[in-house]
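J.: no sequence for this one, just the structure:
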């Protein structure tokens, strides 16, 4: 059993960590071995280290190790939105099941599990079995990495970095993104991303990771966001165009320009899509993004 500052408990080959800096140090080799697949955990954990993450009622990371002590999988529970899902990367099947049992034993209710298959599914199914409920797929996602960039023709207007004067508009569009994306994919019941605050948006604007496309009159009509680089990889998103401005090429051109800027700095680019949204998948494929791995969001109840 591991102990000391930053460590919670160990169960079999699993070690729970409550200090993001400790987690990044212990899991470093695992995270950098495949920085595209590990992008979410790397970027979210980095926000906790800097103190810029959203508050969550849960805040822990978990590391799976083999008998030789090598890291074989990682996960976290830091989501600031209900049902506060776990996020798991690939790990041995037995560890995914053991994780659900460990959380059950310490009385931690699991309302959802997101991440890589089959670990996310196995953990969710065991958590549901222990709770006497069921696990259901809410969304199938797909992680893409940019290969050879194809920059599409430019619509009227230009892409620019968001400024502090744009903060309230950016906040409204960040919050609307989840609802509109679910609607495009034919899903009902999605909630606005209320975990974003004006302070958080201003911090992202200060970091230079929100861009707006403005039309010929200077009116913003589209938003593309990104995350600060982690292990040489930038994750693009959210990508949002209000309904009245869709179909004019703003998203394609904006994502291409943002991606090109990062490529020019020697960084790799990736993004997630909803597999049920053929429009966004087609857009990103056309500019050079290629599938890497399929993931899933499951709800338990």
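T.: Thanks, I have it. Small disclaimer: the values here were computed from a predicted structure and weren't measured.
J.: For this structure, list the residue farthest from the centre, please.
T.: Going by C-alpha atoms, centre = their mean, the residue of the chain most distant from its centre is residue 217, 33.5 Å out.
J.: Residue 293 belongs to a helix, doesn't it?
T.: No - per DSSP: H, G, I helix; E, B strand; the rest coil, residue 293 lies outside any helix segment and is strand.
J.: how near is it to residue 150?
T.: 22 Å (C-beta to C-beta, to the nearest Å). No exception for glycine: its C-beta is placed from N, CA and C like everyone else's.
J.: Between those two, tell me which one has more neighbours.
T.: residue 293 (16 against 13; other C-beta atoms under 10 Å).
J.: Contacts only, for that one.
T.: Neighbour list for residue 293: 37, 116, 142, 143 [criterion: C-beta atoms under 8 Å, 6 or more residues apart in numbering].
J.: Bridge partners for it, pull those for me.
T.: Residue 293 has these beta-bridge partners by DSSP bridges: residue 143.
J.: Which residue comes closest to the residue most central in space within the chain once chain neighbours are left out?
T.: By C-alpha atoms, centre = their mean, the chain has its centre lying nearest to residue 40, at 4.6 Å. Using C-beta to C-beta, 6 or more residues apart in numbering and skipping residues adjacent in sequence, the residue nearest residue 40 is residue 87, 6.3 Å away.
J.: mind giving me the domain ranges of the protein?
T.: The chain breaks down into these domains under automatic domain parsing: 7-133, 158-292.
J.: for the longest one, what is the average pLDDT?
T.: Averaged across domain 158-292, pLDDT comes to 92.
J.: that older thread, now the buried members of the contacts of residue 293.
T.: If you count burial by 16 or more other C-beta atoms under 10 Å, the buried members of the contacts of residue 293 come out as 37, 116, 142, 143.
J.: Which is the succeeding secondary structure element to the longest helix seen in the chain?
T.: Under DSSP state H, the helix in the chain containing the largest number of residues is helix 167-184. Sequence order places helix 198-207 as the next helix or strand after helix 167-184, per DSSP states H and E.
J.: Run the chain-centre distance for the next helix or strand after that following helix.
T.: For helix 198-207, the following helix or strand on the C-terminal side (DSSP H and E) is strand 210-214. Counting by C-alpha atoms, centre = their mean, to the nearest Å, strand 210-214 is centred 21 Å from the centre of its parent chain.
J.: before we move on, back to that, run the angle between the longest helix of the chain and helix 198-207 for me.
T.: 100 degrees (axes from the mean of the first three to the mean of the last three C-alpha atoms, to 10 degrees).
J.: buried sites along helix 167-184?
T.: By neighbour count with 16+ other C-beta under 10 Å, helix 167-184 contains the buried residues 167, 170-178, 180-182, 184.
J.: what do you get for stretch 208-224?
T.: 209, 210, 211, 212, 213, 214, 215, 220, 221, 222, 223, 224.
J.: which one of those residues sits closest to residue 244?
T.: Of all the buried residues of stretch 208-224, residue 244 sits closest to residue 221, with 8.5 Å by C-beta to C-beta.
J.: Now that closest one. Nearest residue, chain neighbours left out?
T.: Counting by C-beta to C-beta, 6+ apart, the residue nearest residue 221 is residue 245, at 4.2 Å.
J.: And the one you found, how far from residue 254?
T.: When residue 245 is compared with residue 254 (using C-beta to C-beta), they lie 12 Å apart.
J.: Also residue 268?
T.: 19 Å.
J.: the more surrounded of those two?
T.: A side-by-side neighbour count of residue 268 and residue 254, using other C-beta under 10 Å, places residue 254 first with 24 against 18.
J.: Not counting its neighbours along the chain, what's nearest that one?
T.: residue 224 (4.3 Å).
J.: List the contacts of that neighbour.
T.: 159, 210, 211, 213, 236, 238, 239, 240, 251, 254, 255, 258.
J.: Determine which two of those residues are furthest apart.
T.: The two members of those with the most space between them (C-beta to C-beta) are 159 and 238, at 15.4 Å.
J.: which secondary structure elements does the helix or strand harbouring residue 252 contact?
T.: Assessed by DSSP H and E, residue 252 sits inside helix 250-264. Judged by 3 or more C-beta pairs under 8 Å, 6 or more residues apart in numbering; DSSP states H and E, helix 250-264 is in contact with strand 158-161, strand 210-214, strand 220-226, strand 233-240, strand 268-274, helix 278-286.
J.: Dump the ones you listed to CSV, plus distance to residue 25.
T.: As requested, these are exported to CSV (distance: least, C-beta to C-beta, whole Å):
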stretch, distance to residue 25
strand 158-161, 33
strand 210-214, 30
strand 220-226, 25
strand 233-240, 19
strand 268-274, 23
helix 278-286, 34
